[in-house]
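> Here you go, sequence then predicted model.
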Amino acid sequence: MLIRLSHLLPFILPLSVFFFLISGPHSIGEALAWTIPFWVVLLVDWLGPEVKMPAQQQSLESRFYNGILYGLAFLQLVNVGLMLGYVSQSEWNSPSAIVVGLANLVAIRFLVGTSSGTSGIVVAHELIHRSQWPMQQLGRLLLCSVCYEHFVITHKRGHHLSTAMPQDIAMAHLGESFHDYWKRIYIGHLRYAWGSEQARLGLSKNPFSSLKSIHNQVLHGLLIEFILLVSIIGFFGWIAAFMFLYQAFAAVRILETVNYFQHWGLEDGRYGNSYGWVNNSWLTRYALIGLSHHIGHHQNEKKHFYEIAYSDQGPKMPYGYFVMNLWVKLNNASYQRMAIRELQQYHHSQLS
């Protein structure tokens, strides 16, 4: 029973967003109060217990776990829709209304963007690795809700086939700051995905080189995202469209921060061979549906996250993913000093 309840932790953030959106509009104080669940999650991730998993995970019924995924996917799409309606109905007819409206927009960006990054994209990541076509398409739809559908190609065809090798575009290099990493990969991932699809079709990177380009999956995703954006402008207005793009940007930034610290400094084996960094945070393990068992995920990407065995074969993060995400962005120099120490310690432990 306790294991089952732990697996329901991913619903905390998206449900908080859902109730925020259906109970608004809010005063400035109320909008701030609705961010409390997110700060509690951060605090528990910082000070909470560690979990050390046995070599074999406790098995769960696939229907139970799939139900969690479908529920989270549904909440992601509903929350994005509720956000658009919420923003479109905001009033801007007086100075006080403008102040309250802006406070609500700030809260929406924080709440929806964080939920999209820690729930929507994480669920999409699980679904695109599934073998069933409908689940893969649902994963792609979730990625469209954050304008990042091309992640499917970059992640599965690029990152997974070249993990811990210099040619891995998603690998953060030793000494690379998050600022430099973000500049390199935000557009670089799209270019890589487009080139990969054109190569699969036997075409040049020029999108107009052949009619066969219409079979490019990245083009399909871009068209869906464009149609979605135009529809939002038509039905909900420009401010809603701006908030849609803003929450998408925030969500993708969370995703790429995770990519950054999951593999930082491991691209050439200088500090020992490992697929990634180890994380023992109990909250991270369950709230992010097993994403922190990342080494096992790279060892066998076909396994569902709840089936992946824990591995300690890598340098260890001192905190959970929620805390690491903020640390990397707010004080990257401090993060890099810690990471170098941990890499050297891991290297020495391998030698001994």
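The structure has been received and is ready for your questions.

> quick one: low-confidence ranges for the stretch 1-150 of the chain?
Within the stretch 1-150 of the chain, the segments meeting pLDDT under 70 span 1-2, 52-60.

> let's see it at 80
Residues of the stretch 1-150 of the chain that meet the criterion pLDDT under 80 lie in 1-4, 51-61.

> Report the buried residues of stretch 308-324.
Ile308, Tyr310, Ser311, Gly314, Pro315, Met317, Tyr319, Gly320, Tyr321, Phe322, Val323, Met324 (16 or more other C-beta atoms under 10 Å). For the C-beta atoms, the positions are set from N, CA and C on the backbone; glycine is no exception.

> Can you tell me which of those residues is nearest Trp238?
Phe322 (32.4 Å; C-beta to C-beta).

> From what I see, the closest one and Thr118 are in contact.
Yes: using C-beta atoms under 8 Å, Phe322 is in contact with Thr118, at 7.5 Å.

> Now do the shared contacts for these two.
Common neighbours of Phe322 and Thr118, using C-beta atoms under 8 Å, 6 or more residues apart in numbering, are Ala287.

> Which residues are in contact with the spatially most central residue of the chain?
The residue lying closest to the centre of the chain (C-alpha atoms, centre = their mean) is Leu255, at 3.4 Å. By C-beta under 8 Å, 6+ apart, the contact list for Leu255 reads Gly117, Ile121, Tyr148, Phe151.

> what about the closest residue to the first one other than its chain neighbours, distance to Leu143?
Spatial nearest neighbour of Gly117, chain neighbours left out: Ile254 (3.0 Å); criterion: C-beta to C-beta, 6 or more residues apart in numbering. Going from Ile254 to Leu143 by C-beta to C-beta, to the nearest Å gives 14 Å.

> okay, and the common contacts of those two?
Ile121.

> Between those two, point out the one with more neighbours.
Leu143 (28 against 23; other C-beta atoms under 10 Å).

> Tell me the secondary structure at the closest residue to Tyr148 other than its chain neighbours.
Distance criterion C-beta to C-beta, 6+ apart; nearest residue to Tyr148, sequence neighbours excluded, is Val252 at 5.1 Å. What DSSP: H, G, I helix; E, B strand; the rest coil gives for Val252 is helix.

> Confirm for me that Val252 is in contact with Leu143.
No: counting by C-beta under 8 Å, Val252 stays clear of Leu143, with 9.4 Å between them.
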